[in-house]
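In: Structure, please.
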Amino acid sequence: METDEVERLIEDAIEEASATVRPSRGAEEDDHLTADVVSPAFEGESLVDRHQMVYDALGEHMTRDIHAIELTTDTPNVDDQ
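Out: Now for the predicted structure:
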């Protein structure tokens, strides 16, 4: 699965999300990804809940097209607004 497709799925499913997805460093397969996701929807959510939101956005692709994904999930920095 192409990284831009993964970004689109995340950004379409999570409110005001900005996703950057790339192949994981040192991964021999293209189904091992790293994603940095920023969204105000993560405010007040636990790390587990944030990750679940991303997994939900990827749906069946997590079992079919993506073997592993390393996630960073953050809220926007108030100073940047």
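
In: Could you verify that residue 22 is part of a helix?
Out: No - counting by DSSP: H, G, I helix; E, B strand; the rest coil, one finds residue 22 to be strand, located in no helix.

In: In the protein, where is pLDDT below threshold?
Out: Counting by pLDDT under 70, the chain shows low-confidence ranges at 27-29, 78-81.

In: so where do the strands sit in it?
Out: Remark: strands assigned in the chain by DSSP state E are 18-23, 32-38, 68-74.

In: elements contacting the second one?
Out: It stands for strand 32-38. Helices and strands touching strand 32-38, as assessed by 3 or more Cβ pairs under 8 Å, 6 or more residues apart in numbering; DSSP states H and E, comprise helix 3-13, strand 18-23, helix 47-58, strand 68-74. Every C-beta, even on glycine, is put in place using the N, C-alpha and C of the backbone.

In: okay if I get these as a markdown table plus mean neighbour count?
Out: Shown next, in a markdown table, are the helices and strands packed on strand 32-38 (neighbours: other Cβ atoms under 10 Å):
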| stretch | mean neighbour count |
| --- | --- |
| helix 3-13 | 16 |
| strand 18-23 | 16 |
| helix 47-58 | 16 |
| strand 68-74 | 15 |
